[in-house]
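1. Quick one: sequence and predicted model below, then my questions.
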Amino acid sequence: MNFPRDQKWIEIDLSAVAQNTAWAASRLDGASLMAVVKADAYGHGAVAVSRVALKAGASRLGVRDLSEAAELRKAGIKAPIQLLFPILPEQAPQAVSLGVEVSVDDAAQARALNAAAGGRRVQVHVDVDSGLGRWGVQPRALTALMAALGRLRHVRVAGLSTHIGYIPGKNAVEAEEKLTAFLKLSALHKRKDRALIVRAANSSVFMDFPHHRFDMACVGNLLYGINPSGRAAPLKNPWSFQARILSVREIRKGQSIGYASEYLAPRRMRVATLPVGYADGLTMEPAERLIGFGAGFEYWGTRHGVRLPFVGRCGIAHVLLDVTDAPDAKPGDAVALPVRRTAARHLTRIYL
């Protein structure tokens, strides 16, 4: 494969996405899988990832908003697309024209969809607020909202969903309580409509609460090789951010370099400059697993399996690396760096 001579680029292994998707789908025991491709598939490329995920076992796609749905439809993707965020009532005509399924949490959104339907049947999923506080109907108001939606001729409630705000290692007991409460709440409505799709499992819940995967899992992180849980999973990393060394300099012991001259070389060093900074997502928290957290947060890149620690502060468009342990490192060599994936969407992608 011919790699670019760009100074920085992203390599994406779509076969890894396919394997991760297939593994997640195989664990669902009859439930279905929604592949979350919001934020341009976490920076991996929504169109390319969507096609791979649908072939590998996903039955539908989850996006953030109408612009993301429009991109997939323009690319010819006809699979069900579900908006994970609610819409504003004035966006109802576009939602109908795109043929997407819409998350709603009040009757005004549904009435707007009903008015814009033009004789079509619009599928909606009612989102319940389980304490995250971002949107969603309060549990005590769900029955009244379901009744109001049931009176709309062109709206069909296809599902119930919630997001419990679970973080592995932080609030497992609370998460179990919220999932159990949602199970009881949704069961009341499931008895009235057996086709109702009940969903609460994102990647974290999928891993740590397998008994609460309900009718559908809404998985993002796992597809991209990111395991938020302490439980093992045979995931493959599809992502690699690469940047080329621009220069290499010899630094004497005790020499100060970097912003504010705050870094003093503890020994004679070779320091390389890379054209990557926080504008590209470098050193943005939360960090990738390639980043080590020690005293003062230590970051590094890798070249041929050798860790190359960062030196001094990361700039907006450059960073310095200690390449003393890579004596043959020279300008033009590629170094793999940990970046926040969604922040690097402006860079060239190479699909493997």
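-> On my side now, so go ahead.
2. Check the gap between Gly169 and Arg340 for me.
-> 21 Å (C-beta to C-beta, to the nearest Å). (C-beta placed from N, C-alpha, C; glycine too.)
3. okay, and for the stretch 1-150 of the chain, where does confidence drop off?
-> Scanning the stretch 1-150 of the chain with the threshold set as pLDDT under 70 gives 1-4.
4. where along it do the helices fall?
-> Along the stretch 1-150 of the chain, the stretches classed as helices by DSSP state H, counting those that start in this stretch are 14-26, 38-42, 46-56, 66-74, 92-98, 107-116, 142-150.
5. picking that back up, so which of Gly169 and Arg340 has more stuff around it?
-> Under the criterion of other C-beta atoms under 10 Å, the comparison of Gly169 against Arg340 puts Arg340 first, with 19 against 10.
6. Report the central residue of the chain.
-> Tyr42 (4.2 Å; C-alpha atoms, centre = their mean).
7. Can you verify my assumption that that one contacts Gly220?
-> Yes. With contact defined as C-beta atoms under 8 Å, Tyr42 counts as touching Gly220 (6.4 Å).
8. Give me the distance between Leu160 and His189.
-> Distance from Leu160 to His189, by C-beta to C-beta: 6 Å.
9. which residues are common contacts for the two?
-> Common neighbours of Leu160 and His189, counting by C-beta atoms under 8 Å, 6 or more residues apart in numbering, are Leu142, Leu196.
10. Looking at the two now, which is surrounded by more residues?
-> Neighbours per residue (other C-beta under 10 Å) separate Leu160 from His189, with Leu160 holding more: 25 against 17.
11. so what strands line up beside the helix or strand hosting that one?
-> Using DSSP states H and E, Leu160 sits in strand 155-163. If you go by DSSP bridges, strand 155-163 pairs up with strand 122-129 (parallel), strand 197-201 (parallel).
12. got those strands as a markdown table, with distance to Glu177 columns?
-> Output for those, formatted as a markdown table (distance: least, C-beta to C-beta, whole Å):
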| stretch | distance to Glu177 |
| --- | --- |
| strand 122-129 | 15 |
| strand 197-201 | 13 |
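13. so what's His212 up against?
-> Leu179, Thr180, Leu183, Ala200, Ala201, Val205.
14. How many neighbouring residues does the third one have?
-> The local packing count at Leu183 equals 15, with neighbours defined by other C-beta under 10 Å.
15. which ones are touching it?
-> Counting by C-beta under 8 Å, 6+ apart, Leu183 makes contact with His212, Phe214.
16. Check the last one too.
-> Contact analysis of Val205 by C-beta under 8 Å, 6+ apart lists Ile164, Tyr166, Ala175, Leu179, His212, Arg213, Ala217.
17. How far away from the center of its chain is the helix or strand containing it?
-> Element membership for Val205, per DSSP H and E: helix 203-208. Taking C-alpha atoms, centre = their mean, to the nearest Å, the mean C-alpha location of helix 203-208 is offset from the chain mean by 14 Å.
18. Equivalent analysis for stretch 256-263, please.
-> Relative to the chain's own centre, stretch 256-263 is displaced by 36 Å; criterion: C-alpha atoms, centre = their mean.
19. Would you mark the buried spots in that stretch?
-> Neighbour-count burial for stretch 256-263 flags Ile257, Gly258, Tyr263 (criterion: 16 or more other C-beta atoms under 10 Å).
20. Alpha carbons of it, as PDB, please.
-> Output in PDB follows, covering the C-alpha atoms of stretch 256-263 (Å, rounded to 0.1, in the frame of the first residue of the first chain):
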ATOM      1  CA  SER A 256      16.300  24.400  28.900                       C
ATOM      2  CA  ILE A 257      13.900  23.900  26.100                       C
ATOM      3  CA  GLY A 258      10.200  24.400  25.400                       C
ATOM      4  CA  TYR A 259       7.700  27.100  26.400                       C
ATOM      5  CA  ALA A 260       8.900  29.200  29.400                       C
ATOM      6  CA  SER A 261      12.100  27.200  29.300                       C
ATOM      7  CA  GLU A 262      10.500  25.000  32.000                       C
ATOM      8  CA  TYR A 263      12.000  21.700  30.800                       C
END
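21. what does it contact?
-> Outside stretch 256-263, the residues that touch it by C-beta under 8 Å, 6+ apart are Ile251, Leu264, Ala265, Val271, Val311, Gly312, Arg313, Gly315, Leu320.
22. just stretch 195-202 next, same as before
-> 32, 34, 36, 125, 157-164, 179, 182, 186, 189-190, 209, 212-221.
23. Any of the residues you listed buried? List them.
-> Buried by 16+ other C-beta under 10 Å: 32, 34, 36, 125, 157-164, 179, 182, 186, 189-190, 209, 212-221, out of those.
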